[in-house]
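# Let me see the structure of the following:
(chains A and B)
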There are 2 protein chains.
Amino acid sequence: MQASSTDKIEPTSGPTSATLPASRRPDPAEVPGLRWGVLGAGWIAGQMIRSLGSTRQQVVAVGSREQARAADLATTYGVPQARAHGSYEALVADPEVEAVYVATPHSEHLAHARLALAAGKHVLVEKAFARDAAQARELAGLVRESGLCCMEAMWSRFLPHTDVVRQAVASGLLGEVSTVLADHGQPLWPGGPRRLADPELAGGAMLDLGVYPLSFAAMVLGGIEEVVGLATPTDLGVDARVAFAVRGPSGALGSLSTDMSARTPTRATVCGTAARLELDGDFYTPTTVRLVAPDGDVLDELPADPDEQHLGLRHEACEVALRVRAGETESPLMPLAESVRLMEHMDTLLAPLRR
Amino acid sequence: MQASSTDKIEPTSGPTSATLPASRRPDPAEVPGLRWGVLGAGWIAGQMIRSLGSTRQQVVAVGSREQARAADLATTYGVPQARAHGSYEALVADPEVEAVYVATPHSEHLAHARLALAAGKHVLVEKAFARDAAQARELAGLVRESGLCCMEAMWSRFLPHTDVVRQAVASGLLGEVSTVLADHGQPLWPGGPRRLADPELAGGAMLDLGVYPLSFAAMVLGGIEEVVGLATPTDLGVDARVAFAVRGPSGALGSLSTDMSARTPTRATVCGTAARLELDGDFYTPTTVRLVAPDGDVLDELPADPDEQHLGLRHEACEVALRVRAGETESPLMPLAESVRLMEHMDTLLAPLRR
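Residues are numbered from 1 along each chain as shown, chains lettered A, B, ... in the order given. Got it, this is the predicted structure:
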């Protein structure tokens, strides 16, 4: 045995030139319109309504527990003609509504999606899909019985830059994917929305923020087969932060984290044996994607549109419209089984806090 | 219960101005010299010799299993006057040598450090400290019996920028530390040095590369109390990559990874409730440190010296010299107990592959 010394080699040189593919996502202005009802009147509901202004999707109704709040939302975000309903029941019963966007807290997703399905409406359910995997499975079952279309509103999966990431991975541009890094931290606790602190409302960092790095890793790894992590509770017992590791079917790993008590860079990186993709913060919104060689050279860059930001929500609504017009009940980009699996992984990570 | 909708608040605004502290690390040119013997003749041995050229530390001898190799190393790296020994036994017996730098593979650290201690020499042991925690504990015991000074060569801990990080954390400049992110991936397998692929030589990503993010997290978290992760083996059963999570005593978490099959950004970020520190890749070498507000504004920046790179190895040798001149047997910046604890954590993470 020649146990002589510590050796070192220079990093393998990667490609010296390569280009990112173009996005294949449809132009939102050309996707046939659905008539939408928005269920819930909070921040994300407003952002969604605003984003649909640049599309053929029409918001025909808004429903809240207080009619004044629904009316305010419609006016504030540019759809004063939309009917303002004072109950969720009235919203889903509105005969003009074809599809319902459920924008209430995670704890209410199952109940409100059930309401919409029972009224014969297609449903886009805000992420996380439900409060836990049992609820997610129940909801998936209701959808399958209904024959209606339902999708988790994991908006990142439908953004143009995400299609570039998917193609880069599938084409072998990165070589073999080996490690995925993604973090999502925002200072939303303490001092933020009550629902994030409240166990009753399925609060905590994971369902609100951590679902993004988890979903991203599942997408680029081609699924997640194993997950382990550590979660630190708040005073009320929801997760203030979670650091976690995941394994994909090929043996590639993800190193992921979420934190609702501090701002983290909220970057994502897909590292392959030939090159890596770096997504600037916030990686789950319309952002800049960079193809980087092992030696650090930037081979290509797809810049973010600085104006797009939360307008990016329109892409997920357009996906539902496309599926409905095609007579399909799920999206291959975010199938129900995937939503259920992600909830199972989150249950695994949060189990120590729920005991 | 007002379960109305998904709310959102804007991130808490952090400090609008703040400055990074200055490093307190001593100037290597002013640290009293020791007479060093270098045990091993590989890449890292050469880098260490070169780094000491700018200090008062003297390399008086080099030892390898082949005298010609030792002589080559001394000539190549600018110490042709150093004696070239054809065995490690001859090196440690050299009466001119006061301290030995052990630069052989992890699998040999215990044996070679024992040799040096038995000869009455102080020892700087290349990281990882040993091949496992049992060996690390044995070595720590030998050191304590000897009354000599011994330190793991975790060079990052002695770099000037690291002292800035330590002060920023201790002073509360970041608020409360919440999440630490660090990755270290280099494409060194397959096709790299044989020792990294060889289980006999304690190969794998963790002991060579992963020890850096682990050590970094332990430093900024004030210790590590819990560790979980996933490791993917190579064909010969060492770890190709590991994704892992750690928890510090305050409940802050680290999301960490290592990979010897792909280049990762090799960045580190310390996220606090008031601000974060971002260390550019390669974070474990002399690098740029940035103080960043929650809104992304860069509040202050400590730029890297582009010429320093592996010259940074000199700081750890100077630390040993300072401890020896002070009559101390350990460094408070990298005490033996810390080296043992880090090996215990690595054992925990690698246990599934060693079964």
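
# Tell me where the stretch 51-200 of chain A has helices.
A:67-76, A:88-93, A:109-118, A:133-146, A:160-171, A:194-197 (DSSP state H, counting those that start in this stretch).

# Can you check which of those gets nearest to chain B?
Of all those, helix A:194-197 sits nearest to chain B, with 6.4 Å by CB to the nearest CB. To be clear about C-beta, it is placed using only N, CA and C from the backbone, and glycine gets the same treatment.

# thinking again about what came up before, as TSV, the helices of the stretch 51-200 of chain A with mean pLDDT and mean neighbour count would be great.
Below are the helices of the stretch 51-200 of chain A laid out as TSV (pLDDT from 0 to 100; neighbours: other CB atoms under 10 Å in any protein chain shown):
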stretch	mean pLDDT	mean neighbour count
helix A:67-76	98	19
helix A:88-93	98	20
helix A:109-118	98	21
helix A:133-146	98	18
helix A:160-171	98	20
helix A:194-197	96	21
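
# I'd like to know which of these lies nearest to B:Val31.
helix A:160-171 (48.7 Å; CB to CB).

# Now do the closest one: which elements does it pack against?
The criterion is 3 or more CB pairs under 8 Å, 6 or more residues apart in numbering or on different chains; DSSP states H and E, and the helices and strands that helix A:160-171 contacts are helix A:211-221, strand A:268-272, strand A:276-279, strand A:289-292.

# and among those, the most buried is which?
Most buried of the helices and strands packed on helix A:160-171, by mean neighbour count (mean count of other CB atoms under 10 Å in any protein chain shown): strand A:268-272, with a mean of 27.

# Just the residues contacting it, thanks.
A:165, A:168-169, A:173-182, A:213, A:216, A:220, A:276-279, A:283-284, B:183, B:185, B:259, B:262-265 (CB atoms under 8 Å, 6 or more residues apart in numbering or on different chains).

# Quick check: the residue most central in space within chain A vs A:Leu201, distance?
Nearest to the geometric centre of chain A sits A:Met154, at 2.8 Å (CA atoms, centre = their mean). For A:Met154, the distance to A:Leu201 (CB to CB, to the nearest Å) stands at 20 Å.

# just A:Gln57 next, same as before
28 Å.

# I'd like to know how many residues surround A:Gly254.
Each residue near A:Gly254 was counted by other CB atoms under 10 Å in any protein chain shown, and the total is 29.

# residues in contact with A:Gly78?
A:49-50, A:53.

# Now it: phi and psi?
phi 90, psi 20 (degrees, to the nearest 10).

# ok, now how distant is it from B:Pro28?
Where B:Pro28 is concerned, A:Gly78 sits at a distance of 64 Å (CB to CB).

# Chain A: strands as residue ranges?
A:35-39, A:58-63, A:83-85, A:99-102, A:122-126, A:150-153, A:177-185, A:226-233, A:239-247, A:253-259, A:268-272, A:276-279, A:289-292, A:298-302 (DSSP state E).

# Check those strands for me and report the most buried one.
Highest mean neighbour count among those (mean count of other CB under 10 Å): strand A:253-259, a mean of 31.

# tell me what that one is packed against?
So strand A:253-259, by 3+ CB pairs under 8 Å, 6+ apart, packs with strand A:177-185, helix A:211-221, strand A:239-247, strand B:177-185, strand B:239-247, strand B:253-259.

# partners of that strand in the sheet?
In its sheet, strand A:253-259 lies beside strand A:177-185 (parallel), strand A:239-247 (antiparallel), with partners assigned from DSSP bridges.

# Now, of the contacts of A:Gly78, which are buried?
Using 16 or more other CB atoms under 10 Å in any protein chain shown as the burial test, those include A:49-50 as buried.

# Could you dump the contacts of A:Gly78 into a markdown table with pLDDT and distance to B:Pro190 added?
Below are the contacts of A:Gly78 laid out as a markdown table (pLDDT from 0 to 100; distance: CB to CB, whole Å):
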| residue | pLDDT | distance to B:Pro190 |
| --- | --- | --- |
| A:Ile49 | 98 | 53 |
| A:Arg50 | 97 | 51 |
| A:Gly53 | 96 | 53 |
